Structure formats: C-alpha cells, structure tokens
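Asks: Below is the sequence, then the predicted model.
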Amino acid sequence: MAGTTNRVEFSVAERFPFADGHEFGAVGAYERLVGRAHFAVDPHVPAQKGITDIDQAPVDAMGLVRFAGDFSILKPVDPERGNRRIFFDYGNRGNKRILQFFNDAPASNDPRTFEHAGNGFLMRRGYAIVWLAWQGDLLPGNGRMVLDLPTVPAVTGPVRVEYIPDRRGITTYPLSGHASTRSHPAVSLDPREARLTRRRYPDDPRIPLPPESWRFARVERGAGLDNQGAEQAIIPSDTHIHIPAGFEPGWIYELVYTGRDPLVLGLGHAAVRDFVSFLRYSDPDAARLGTIDKAYAWGRSQTGRCIRDFVYRGFNADASGRKVFDGVLPHVAEPGANGSITALRTRLCRVASNTRTISTRPTPSRSPMPKRRTTSPAGATRS
C-alpha cells in the first residue's frame, strides 16, 4: 500500500503447508505465511494525530517515520474457497492465542502441525487468520511477535515500577520487571538520584530503602578460576536493579527513577490499522489473501483493552478514512487494569507489564469525551 501518508510493504520469509496439508472440509487445505511488515508514516498528518512523541521520532530522507514488525497468516491455499474474511488475533504479550481459544488447540507461538489446528473450527469456516506484532516493548524470545519501534533520543522523564517477588533468592530484576520486556534505561546509576521503597499492601505507607542497600546493576555468573568453582560479578547496568541482600517475598517494592529514550509506542495502533487495511484494500494478489469483504479482531485481557483503546482513539479508520475492522471482540478486558489502556499514549510507559509506570506526557484523546485525571504517588499527572 502506497499513499500520501502511510506505506506498507511486507516480505515473506517462510511459506509452508499447515496441518500437514489436511483438508478442512469444503475450504480445503491451509498454508501459513511468516515474515516482516515494514511501515512508513508521515508524522504530521491527521492519521497519526495523538501518537505520543511521533513529532520527535527520527525520519528518513522523505520525512517518514519507519518501523517494522513480525506477521504470520494462516489462510486457505485456494482463497476462493475461503469466506473472504480476516480474523485478526491481537497477540497477548506477543503470543498467538486464537487457535487455543477458538479451536481448542494447544498453545503454540509456531502453529504448524495438525495438532496445532485443534478441532479445526476456524479453518472449516474459511477464515484467514492474521497475526501482527503491535507491542513495541517486547524483546525477542519464545516465539513472541516483535515490533521494532523508533526511540526518541535525549528525552527523559520519571518512571515508576513495582516488583513483587514470589520467592526468596531473587536479587536482580530488569528495570521493566520482566525478562521479556524492554527496560527504559536509567539516566543516572547513582541510587541517590532515584527512590526505592517497599510496602506490604498497596495502601500502606511506603518505607524507603537506603541508597547504599541497592544499586543499578546486574549479576553475571560463570565458571571460576583457580579451582574456586562458580563465580559471579556485579556489573553496573542502566537497565537492572540489584539488592545484594535480596528482595523479600510478600512485599511490594517500588522504584521511581529518571528514564530516557522512550519508544514511540503508539505506532502499535498505526501498525495494526495499516496492515489490516493493506490486506483488505490493496490488490488481492499483492496481499495474497484474495478478495476480503470483512475483517474482525479478537483479543483477551491486555489485548482486549488495547482493542478498546484502538477503537476509542479513532484508529479504526485508515489514512484514507476507510473502515479497518467491521467487528471487534474484547474478551475479559478489565477496564484500565495495570494502566494498559493508556500505555500506548504515555511517554516512558510499558505495555507488557503487571506493574505501573508514570509519565509527564499523556496525549489528548482523539475523542471529545472528557477524561478523568489523577495524580500518581510520584507527582506526575496522568489520564
């Protein structure tokens, strides 16, 4: 898709028979495409309105912001035998889930075999099942779908993270709290320029931990020298927190620090919008799905909240004003849980988290509906 504002190109790295070539009733056999989608958007047009920090993102020689993400498509080998409908799975934290929930299939981020088809429900009905990475703070691993987004250099701001250890012996966490999630690097490695507290329950007073009791560092382990057995080193790190005495289970630890280089997370909405629009409205041969009449989306938990935000903020119309999804199904999408509903529009926030961050720059909603504003414990206003 090439337009005045947004461009999409995708490259297929793998194309192979799905489910060992099994025929799913009148629809026939399915195949799977795996590859990367490459996006370019104009940061100054209405289609990108409300994407936080896009005006500060790096641009190419044409003035476009570029980013790329993983995609995967399960489709009938013969598109004419399908139902001419896209069923888009908002991968939860980068994981493919639609076959597990609709086909009673085993969980897998790399569905290939007949077993991965489960009971074949969606295939017998002829859907083209589409996945695309939309979550820009995930790191590669375990087959997760990864979206590579630009960062905004030289921009800093407050970040708040909570860690809740569930066992003894944990001395180090990524600042994000999760190995699968990108951490916002700390501007300073001096603990005196950050604040670490702990409390037993969410509403309890915060108990400060002295700066000398912890550090920004990680632990590296390996074989020792001079017959000393295993060794470890404590290495300064702007993306880890380390307490030599260990985190104590049953306590909520809260770190507030100054982070840098935020991701332009809101481009996750633009990626889904532009990719599904490309599959719907571009040349059927270029999209490789044949003619598409309808597109639907489903997501559960975190991704259900993301769907609500996608629709609420106006991304269900593409850059040309055409409808993206004809229907959406947010499943068990608790309103506002963990801040996920605002993460894509909040600077230095994290999407793949069961903890919370704060920011100094939420963007205005694209909807005229009023928004409730609250103040975080670290003093920053958020919406």
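Replies: Perfect, I can see it now. Numbering: from 1, shown residues only.

Asks: and Tyr201, what is it in contact with?
Replies: Ile252 (CB atoms under 8 Å, 6 or more residues apart in numbering). Quick note: C-beta positions are derived from backbone N, CA and C, even for glycine.

Asks: Report whether it is found in a strand, as I expect.
Replies: No - using DSSP: H, G, I helix; E, B strand; the rest coil, the assignment for Tyr201 is coil, not a strand.

Asks: That one and Trp251: what is the separation?
Replies: 10 Å (CB to CB, to the nearest Å).

Asks: what residue ranges in the stretch 251-383 of the chain score low on pLDDT?
Replies: 335-343, 352-383 (pLDDT under 70).

Asks: mind listing the strands for it?
Replies: Ranges of strands in the stretch 251-383 of the chain, per DSSP state E, counting those that start in this stretch, are 252-260, 294-300, 327-331, 374-375, 381-382.

Asks: mind putting these in a markdown table, distance to Tyr163 and mean neighbour count included?
Replies: Compiled in a markdown table, these are given as follows (distance: least, CB to CB, whole Å; neighbours: other CB atoms under 10 Å):
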| stretch | distance to Tyr163 | mean neighbour count |
| --- | --- | --- |
| strand 252-260 | 4 | 21 |
| strand 294-300 | 25 | 20 |
| strand 327-331 | 28 | 16 |
| strand 374-375 | 22 | 8 |
| strand 381-382 | 20 | 16 |
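
Asks: Leu122: which of those is closest?
Replies: When the strands of the stretch 251-383 of the chain are compared by CB to CB, strand 294-300 sits nearest Leu122, at 10.5 Å.

Asks: Can you tell me what sits against the closest one?
Replies: 84-90, 92, 97-98, 101-102, 276, 279-280, 306-307, 324-333.

Asks: rewinding a little: closest to Ala26 out of the strands of the stretch 251-383 of the chain?
Replies: Taking these one by one with CB to CB, strand 294-300 is closest: 18.9 Å.

Asks: Provide the strand pairings for the closest one, with the direction of each partner.
Replies: strand 85-89 (parallel), strand 327-331 (parallel) (DSSP bridges).

Asks: Make JSON lines from those and add distance to Glu115 to it.
Replies: Compiled in JSON lines, these are given as follows (distance: least, CB to CB, whole Å):
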{"stretch": "strand 85-89", "distance to Glu115": "18"}
{"stretch": "strand 327-331", "distance to Glu115": "24"}
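
Asks: Which among those strands is found nearest to Thr291?
Replies: Once the strands paired with strand 294-300 are compared by CB to CB, strand 85-89 is nearest, at 10.5 Å.

Asks: Spit out the contact partners of the residue nearest to Phe310 when sequence neighbours are not counted.
Replies: In this structure, Phe310 finds its nearest non-sequential neighbour in His269, 5.4 Å apart by CB to CB, 6 or more residues apart in numbering. When contacts are counted by CB under 8 Å, 6+ apart, His269 touches Ile51, Trp134, Asp309, Phe310, Arg313, Phe315, Leu344.

Asks: Narrow these to those in helices?
Replies: Those of those mapping onto helices are Asp309, Phe310, per DSSP state H.

Asks: Regarding the protein, what is its longest helix?
Replies: The chain, longest helix under DSSP H: helix 267-281.

Asks: Report the distance from that helix to the chain centre.
Replies: 15 Å (CA atoms, centre = their mean, to the nearest Å).

Asks: again, but for stretch 109-121
Replies: With CA atoms, centre = their mean, you get 24 Å for stretch 109-121.

Asks: ok, residues contacting that stretch?
Replies: With CB under 8 Å, 6+ apart, stretch 109-121 has contacts from 16, 18-20, 22, 24, 30, 32, 74, 94-96, 99-100, 102-106, 108, 123, 142-145.

Asks: Can you list which of those residues are found in strands?
Replies: Phe16, Tyr30, Arg32, Leu74 (DSSP state E).

Asks: out of the residues you listed, which are buried?
Replies: Neighbour-count burial (16 or more other CB atoms under 10 Å) applied to the ones in strands among the contacts of stretch 109-121 gives Tyr30, Arg32, Leu74.

Asks: show me what contacts the spatially most central residue of the chain?
Replies: Residue closest to the average C-alpha location in the chain (CA atoms, centre = their mean): Gln135, at 1.7 Å. Applying CB under 8 Å, 6+ apart to Gln135 gives the contacts Gly91, Arg93, Gly94, Met145, Leu147, Gly268, Val351, Ala352.

Asks: Distance of it relative to Ser176?
Replies: Gln135 is 13 Å from Ser176, by CB to CB.

Asks: rewinding a little: buried subset of the contacts of stretch 109-121?
Replies: 18-19, 24, 30, 32, 74, 94-96, 99-100, 102-103, 105, 108, 123, 144-145.

Asks: Which members of the residues you listed are positioned in helices?
Replies: Using DSSP H, the buried ones among the contacts of stretch 109-121 in helices are Leu99, Gln100, Phe102, Met123.

Asks: For Gly259, which residues are in contact?
Replies: Thr156, Gly157, Pro158, Val159, Leu175, His184, Pro185, Ala186, Val187, Leu348.

Asks: dump the residue contacts of the nearest residue in space to it that is not next to it in sequence.
Replies: In space, and not counting its chain neighbours, Gly259 is closest to His184: 3.4 Å by CB to CB, 6+ apart. Applying CB under 8 Å, 6+ apart, we find His184 in contact with Val159, Leu175, Ser176, Gly259, Arg260, Asp261, Pro262, Leu348, Arg350, Thr357.

Asks: Now with 10 Å, please.
Replies: His184 is in contact with 137, 151, 156-157, 159, 161, 175-176, 238-239, 257-263, 347-350, 357, counting by CB atoms under 10 Å, 6 or more residues apart in numbering.

Asks: Asp190 versus that one, what's the distance?
Replies: Following CB to CB, the distance that separates His184 from Asp190 is 17 Å.
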